[in-house]
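Undergrad: Here you go, sequence then predicted model.
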Amino acid sequence: MLFADTGLSPGEISSLFAIWSVTGFALEIPSGVWADVFSRRRLLVAAPLLTGSGYALWTFLPSYPAFALGFVLWGAGSALRSGTLQALVYEELDRLGASGSYARLVGRSTALGTTAFMAASAVAGPVLSFGGYRAAGLASVLACLLCAAAGLAFPESRGRGREEGARYLDVLRDGLAEVRRSVPVRRALLLISVVSGLGSLDEYVPLLAQSTGVATPAVPLLVLLVSAGMTAGGWAAGRAPRALAPVLAAGALCLAAGAAVRRPEGFVLVAAAFGVVHWAVAGIEARLQDRIADGSRATVTSMAGLGAEVVALSVYAGYGAGSAWAPPWLIFSVTAVPYLLAAVAARRV
């Protein structure tokens, strides 16, 4: 809305999203290596400051160049956080002998994040009505500053020698070698990339809701139901870790059946399916972390993030192409097939 009201054309707005995506792709793995070479906590402080700087540009200098630079800063901030947070949290838990709590902790943080997103969406309207885009922008900058403060509060036990002595190319080679030589790492990396990337299908949940024939005001309620399912799945993360394959298969069947019903009642199954995805992602990520060496932990985790982005782009392209001949319910049902294949693969991870 801000971009359009500033006078940007649809083509210019699309180019901004392209800049955002390219930045994230270009910096995903390099940022993971930086997190293994330098202080992970410092990167977690810097990441939201970069994103907040982008929001500040949008708020006070609304123009195409400022929007473009803001997206570069946002993409850089996201890349710095991706892989870094997981590596820091797992390593510190491991030092305390509590690495088994990783999936539960990450899942619950994801659940809280989803809840916060829903709350922010609810108050966005009143904030815009009260102070316009400037008020929303200032609130976004403030949120980023709070995130930076939270990053500063994280513990980090790695010594200074590791930060100063490690060489960038050595760490990158170590990470690539670990993926190349370790079959368990490679399997877990591919599985988390697929399951997490396929989760991007949630972007089209409003279209699926609309296709059930409900009135437009009811669409957000169905979307909210799916968000609640995601929250529940994240909160349940870490429980029944050995049931990953059968539960993921059950989630795939719920997705196919819930979409195929083509009625609002089917969204109970769709919500359950997305809840399973969030539960499974935390579990698979924990298995990946269990298999990675500390020295290249963030590097390998960033590779998983890059893989998930590639799968997500495939989902976007597939949905765009498929929508020309298939209704939303059919596309959602077909997407259950790769989830079933992932469930089969999960038996070997």
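TA: Alright, I've got the coordinates. Numbers count the residues shown, from 1 in each chain.
Undergrad: okay, CA-based contacts and neighbour counts for the rest of this
TA: Will do.
Undergrad: Report the helix or strand with the lowest average pLDDT across this protein.
TA: helix 160-165 (a mean of 47; mean pLDDT, DSSP states H and E).
Undergrad: Which SSE is immediately downstream of that helix?
TA: helix 168-181 (DSSP states H and E).
Undergrad: Next one, pLDDT for Ala166 please.
TA: The model reports Ala166 with a pLDDT of 57.
Undergrad: Quick check: which element contains the residue nearest in space to the middle of the chain?
TA: Centre of the chain computed as the mean C-alpha position; nearest residue by Cα atoms, centre = their mean is Ser196, 7.5 Å away. Under the criterion of DSSP H and E, Ser196 resides in helix 183-198.
Undergrad: How far does that helix sit from its chain's centre?
TA: 14 Å (Cα atoms, centre = their mean, to the nearest Å).
Undergrad: same deal with stretch 21-34?
TA: With Cα atoms, centre = their mean, you get 14 Å for stretch 21-34.
Undergrad: One more: stretch 200-220?
TA: Mean-position distance between stretch 200-220 and its chain equals 21 Å (Cα atoms, centre = their mean).
Undergrad: repeat for stretch 303-313
TA: Distance, centroid of stretch 303-313 to centroid of chain: 10 Å (Cα atoms, centre = their mean).
Undergrad: Give me the contact list for that stretch.
TA: 25, 28-29, 82-83, 189-190, 192-201 (Cα atoms under 8 Å, 6 or more residues apart in numbering).
Undergrad: Keeping just the C-alphas, turn that stretch into CSV.
TA: Listed next in CSV are the C-alpha coordinates belonging to stretch 303-313 (Å, rounded to 0.1, in the frame of the first residue of the first chain):
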residue,chain,number,x,y,z
MET,A,303,22.6,-24.0,3.1
ALA,A,304,19.3,-25.5,4.4
GLY,A,305,17.8,-22.0,4.4
LEU,A,306,19.0,-21.5,0.8
GLY,A,307,17.5,-24.9,-0.2
ALA,A,308,14.2,-23.9,1.4
GLU,A,309,14.2,-20.6,-0.6
VAL,A,310,14.7,-22.6,-3.8
VAL,A,311,11.8,-24.9,-3.0
ALA,A,312,9.6,-22.0,-2.1
LEU,A,313,10.3,-20.3,-5.4
